[in-house]
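Chemist: Sequence isn't available, so here's the structure alone:
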Ligand code: PGA
């Protein structure tokens, strides 16, 4: 997808049951228009994905998986594969800080999932970002480098254009403490320069990079105004259809 389109992803995390999810989509449908310059993506729980995939107009919303396993099939009790999600979702979150920190996913899991997504025609949204203590120790740049190299190992220069990178400082997620636009600008520059180093200028110029971490309707425009930022990954505020539709409207105007 070209960078002239803003990408707005709502990550519902472990919220909304099937009924609530369906009501939410009904009300959001009425609030937003299909815009050629904004792609709206909903990431419900895996459990509600299938029913929403039947409900949503794919021109209006795309769907994303919050998580999936990297093997295509087999004896992996409780897991869902990217192969099973193929055709249902267009995107898949990978390496979200909650997966890394609560469920102990490491770079080797993250990179296997990035590859599984691509193999199944799902665009991986690779989430990277430093913790509060890494930030305090001035390690942000090193963490971004390591997580990019760790997550993108074996990805070719043709594949990299399918990958979306989300800069999500861990200390900003769900805390109400959003990163300052100047910090986001700096981090996104680091990300693009690392992509340039790994894949060349064309890839660095075309890869989509998002910001996520306590974005609210009031703060969305500040990030969308940053040249290098191509969209937002929204947790808490995406659960409120009004707030989310306001953010989408701002992306249209950005
Ligand atoms: P938040 O979550 O907007 O609630 O901080 C962002 C995310 O987890 O992607």
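Modeler: Great, that's in hand. Not measured: the values here are computed from a predicted model.
Chemist: okay but residue 63 is in contact with residue 45, surely?
Modeler: No - judged on Cβ atoms under 8 Å, residue 63 makes no contact with residue 45 at a distance of 11.5 Å. Backbone N, C-alpha and C define where each C-beta goes, glycine included.
Chemist: neighbour count winner among those two?
Modeler: residue 63 (21 against 18; other Cβ atoms under 10 Å).
Chemist: can you pull the contacts of the closest residue to that one other than its chain neighbours?
Modeler: Leaving aside its sequence neighbours, residue 63 sits nearest to residue 89 (Cβ to Cβ, 6 or more residues apart in numbering; 4.6 Å). Residue 89 makes contact with 49, 53, 62-65, 122, according to Cβ atoms under 8 Å, 6 or more residues apart in numbering.
Chemist: Beta-bridge partners for residue 89, please?
Modeler: Beta-bridge pairing for residue 89 (DSSP bridges): residue 86.
Chemist: And it, how close does it get to residue 190?
Modeler: As defined by Cβ to Cβ, to the nearest Å, residue 89 lies at a distance of 29 Å from residue 190.
Chemist: Kindly report the same for residue 234.
Modeler: Remark: distance between residue 234 and residue 190 (Cβ to Cβ) = 22 Å.
Chemist: which one of those two has more residues nearby?
Modeler: residue 234 (27 against 18).
Chemist: buried stuff in whatever helix or strand residue 244 lives in?
Modeler: Assigned by DSSP states H and E, residue 244 belongs to helix 241-253. Buried residues in helix 241-253, counted by 16 or more other Cβ atoms under 10 Å: 241, 243-252.
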